[in-house]
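> The sequence and its predicted three-dimensional model are supplied below.
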Amino acid sequence: MFDSGAAVAAALEAAGADLDDAQRQPNGVDLTVDAVFEPTEPGFVGRDEKRVAERRELEPEEGRYRLDRGTYVVRYGEPVRIPEERIGFVLPRSTLLRNACTLDTAVWDAGYEGVGEGRLDAGHAIEIEPGARIAQLVLAEADHHGTYDGVYQGERL
Ligand SMILES: O=c1ccn([C@H]2C[C@H](O)[C@@H](COP(=O)(O)OP(=O)(O)OP(=O)(O)O)O2)c(=O)[nH]1
């Protein structure tokens, strides 16, 4: 069972998100883009350790990120808190797909709180305004064992 958009909005507002009406969707809440990055070196995923690669933040040109075809990291504009007994999924806004672009996202764990990031895959050049809605967060009821307690807990709050 998935929560209503109003319930997702309440969870985000409890985490401090300042939502406008356009972000409130029937089944979830749209997330905006706050920053776009390009990794500048290899990252590391090991058996016990991991490291996020250094990256360069892209500057908007005349009010738009002008992205060539390629892969980028985006930081969302809203703080997110995943309530207990829930799991979060972030899906790309369909307009991205209709423009041959997408977001790749992972599981948002129960108990996670922070401003998250995702992978923006531009299959074709695209222009995106800072603050534009690019994704939608939905919350589903879920059993879980413990809550998120990893290194990203509380990130950028
Ligand atoms: O696309 C996503 C998916 C999740 N998250 C947030 C919420 C999630 O709870 C947290 C950690 O995600 P995950 O557990 O997939 O990351 P990990 O690389 O396995 O980190 P850890 O070892 O801390 O679990 O990052 C994002 O920012 N972006």
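Perfect, thanks for sending it.

> top helix in this structure by residue count?
If you go by DSSP state H, the chain has its longest helix at helix 5-14.

> List the buried residues of that one.
G5, A7, V8, A9, A11, L12 (16 or more other C-beta atoms under 10 Å). Where C-beta positions appear, they are placed from N, C-alpha and C, glycine not excepted.

> And for stretch 36-44?
For stretch 36-44, the buried set under the neighbour-count rule, 16+ other C-beta under 10 Å, comprises V36, F37.

> Figure out how far that stretch is from the centre of its chain.
17 Å (C-alpha atoms, centre = their mean, to the nearest Å).

> circling back to that earlier point, remind me what the longest helix of the chain packs against, helices and strands.
strand 29-39, strand 80-81, strand 133-141 (3 or more C-beta pairs under 8 Å, 6 or more residues apart in numbering; DSSP states H and E).

> Next one: the residue nearest to E155 when sequence neighbours are not counted relative to the ligand, how far apart?
Nearest residue to E155 in three dimensions, chain neighbours excluded: G114, at 3.8 Å (C-beta to C-beta, 6 or more residues apart in numbering). From G114 across to the ligand, the span is 7 Å (C-beta to the nearest ligand atom, to the nearest Å).

> Kindly report the same for V80.
For V80, the distance to the ligand (C-beta to the nearest ligand atom) stands at 7 Å.

> do the same with R69
21 Å.

> From L139, how far off is that residue?
33 Å (C-beta to C-beta, to the nearest Å).

> Can I get the buried residues of helix 5-14 in TSV including pLDDT and distance to L157?
Listed next are the buried residues of helix 5-14 as TSV, based on pLDDT from 0 to 100; distance: C-beta to C-beta, whole Å:
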residue	pLDDT	distance to L157
G5	98	23
A7	97	21
V8	98	19
A9	98	19
A11	95	15
L12	96	13
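
> Mind jotting down where the helices sit in the chain?
Ranges of helices in the chain, per DSSP H, are 5-14, 94-98.

> okay if I get the ones you listed as CSV plus distance to I128?
Shown next, in CSV, are the helices of the chain (distance: least, C-beta to C-beta, whole Å):
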stretch, distance to I128
helix 5-14, 21
helix 94-98, 9
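
> Of the ones you listed, which is nearest I87?
Proximity to I87 (C-beta to C-beta) singles out helix 5-14 among these, at 12.2 Å.

> what does the closest one contact?
3, 19, 23-29, 78-83, 86, 137-139 (C-beta atoms under 8 Å, 6 or more residues apart in numbering).
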